[in-house]
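>>> The following comprises the amino acid sequence and a computationally predicted model.
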Amino acid sequence: MKQWIFGAVAALAASTALNAPMAQAAEVSGAQVGVSYSNLTGSASDANKLSAYGSLEVAFSPAFSVQGDMALNHFGAVDLNGGMFALHGVYHPMQGTALGAFIGRDRLNSQNVNFYGLEASQKLNMIDLEGYLWHSNSGSDGTALGLSGSYALNDRFSLGGRLDTLNGSGDDYNRIGVTADYKLASSYSVYGEVGRVDAQGVDAEGYIGLGVRATFGAGQGTSFSQRGLQDLLPGL
């Protein structure tokens with residue numbers, strides 16, 4: 001599967017290059033930057049995460065684009081710094097629909113975890129849906145599957161949720177959360193999340209998260225959210 005994912009990204013990139021002459025020029029189609037803070041609320045209430053992140057998407061034609069992600073994280077309870085970067089090849093078969101293949105790397109405490117996977121997103125009027133499947137074979141194998149969505153109650157406020165599950169070599173992990181997003185202006189919003197995480201061998205914990213985000217571009221941000229192991233953790 002790993003070779004297939006790398007091949008898919010390469011194929012998307014090659015198709016982008018072949019279609020580039022058809023477009024006037026490559027252009028930034030979307031971007032986002034933000035900061036967020038999350039904290040476990042139970043017995044491990046000192047476990048928290050502070051993140052700064054950014055994503056940039058460049059379109060080479062109406063159908064093909066490339067998205068890059070980067071994030072820096074600080075985990076307070078263990079006083080460790082981590083980072084993530086990823087590259088997505090994105091295909092837009094029709095307006096509001098995106099299909100992607102991605103590769104990336106998480107780094108925490110000098111340890112690297114490489115991951116790769118597939119993803120899809122769909123915008124249906126007031127509803128946004130996104131799903132992904134990724135796999136890692138750095139150290140111990142692991143496979144993550146996730147689905148998120150939101151519904152816009154009006155032009156400023158939306159409610160949604162997320163469900164993520166990670167199955168590894170003896171390390172199963174689940175996260176479920178309810179999300180809310182409020183637009184302060186056309187490009188700026190504040191958001192929050194409350195939920196629960198359940199990891200094998202430890203008690204389930206609740207968590208809460210808050211963040212501020214700025215989005216840019218005609219699509220108001222990038223086609224996909226950020227990926228990776230550290231994105232699944234609300235605190236450590």
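Structure received. No experiment lies behind these values; they were computed from the predicted model shown.
>>> Show me the shaky parts of this protein.
1-24, 138-140, 170, 219, 236 (pLDDT under 70).
>>> Run through the helices of the protein in chain order.
Secondary structure of the chain (DSSP state H): helices located at 2-19, 229-232.
>>> With L124 as the reference, measure out to Q95.
11 Å (Cβ to Cβ, to the nearest Å). Using the backbone N, CA and C atoms, a C-beta is placed for each residue, glycine as well.
>>> likewise L50?
Counting by Cβ to Cβ, the gap from L50 to L124 is 34 Å.
>>> who has more neighbours, the two?
L50 (16 against 11; other Cβ atoms under 10 Å).
>>> Measure how buried A204 is and give me the count.
Neighbour tally, A204, other Cβ under 10 Å: 10.
>>> For it, which non-adjacent residue is closest in space?
The shortest distance from A204 to any residue other than its chain neighbours is 4.2 Å, reached at D198 (Cβ to Cβ, 6 or more residues apart in numbering).
>>> so what's the one you found up against?
D198 sits next to Y173, N174, R175, A204, E205 when contact means Cβ atoms under 8 Å, 6 or more residues apart in numbering.
>>> Out of these, flag the one nearest to G146.
Checking the contacts of D198 against G146 with Cβ to Cβ, the nearest one is R175 at 8.5 Å.
>>> Hmm, L72 is touching K49, no?
No - L72 lies out of contact with K49 (Cβ atoms under 8 Å); the separation is 10.8 Å.
>>> Name whatever forms a beta bridge with T179.
G160, E193 (DSSP bridges).
>>> before we move on, back to that, among the contacts of D198, which ones are buried?
By neighbour count, with 16 or more other Cβ atoms under 10 Å, the contacts of D198 hold Y173, N174, R175, E205 as buried.
>>> Pretty sure the first one sits against A199.
Yes - in terms of Cβ under 8 Å, Y173 counts as a neighbour of A199; the distance is 4.8 Å.
>>> Now for H92, how many residues are close by?
Neighbour number of H92 under other Cβ under 10 Å is 20.
>>> likewise the one 5 residues further on?
T97: 14 surrounding residues under other Cβ under 10 Å.
>>> again, but for M126
That count, for M126 with other Cβ under 10 Å as the rule, works out to 12.
>>> who's in contact with it?
Applying Cβ under 8 Å, 6+ apart, the residues contacting M126 are Y151, A152.
>>> Now the phi/psi pair for it, please.
Main-chain dihedrals, M126, degrees, to the nearest 10: phi -90, psi 0.
>>> Beta-bridge partners for N167, please?
Bridge pairing for N167 - DSSP bridges - gives T143, D172.
>>> Can you tell me the number of residues neighbouring it?
For N167, using other Cβ under 10 Å, the count is 15.
>>> now do G82
G82 has 22 neighbours, counted by other Cβ under 10 Å.
>>> now it: how far from S158?
The spacing between G82 and S158, counted by Cβ to Cβ, is 29 Å.
>>> Across the sheet, point out what pairs with the closest residue to G221 other than its chain neighbours.
Spatial nearest neighbour of G221, chain neighbours left out: T215 (3.8 Å); criterion: Cβ to Cβ, 6+ apart. For T215, the beta-bridge partners under DSSP bridges are Q32.
>>> Distance-wise, check T215 relative to S189.
Counting by Cβ to Cβ - T215 and S189 are separated by 7 Å.
>>> Those two: which has the busier surroundings?
S189 (22 against 19).
>>> nearest residue to that one other than its sequence neighbours?
S189 sits nearest to K183 (Cβ to Cβ, 6+ apart), 4.6 Å away.
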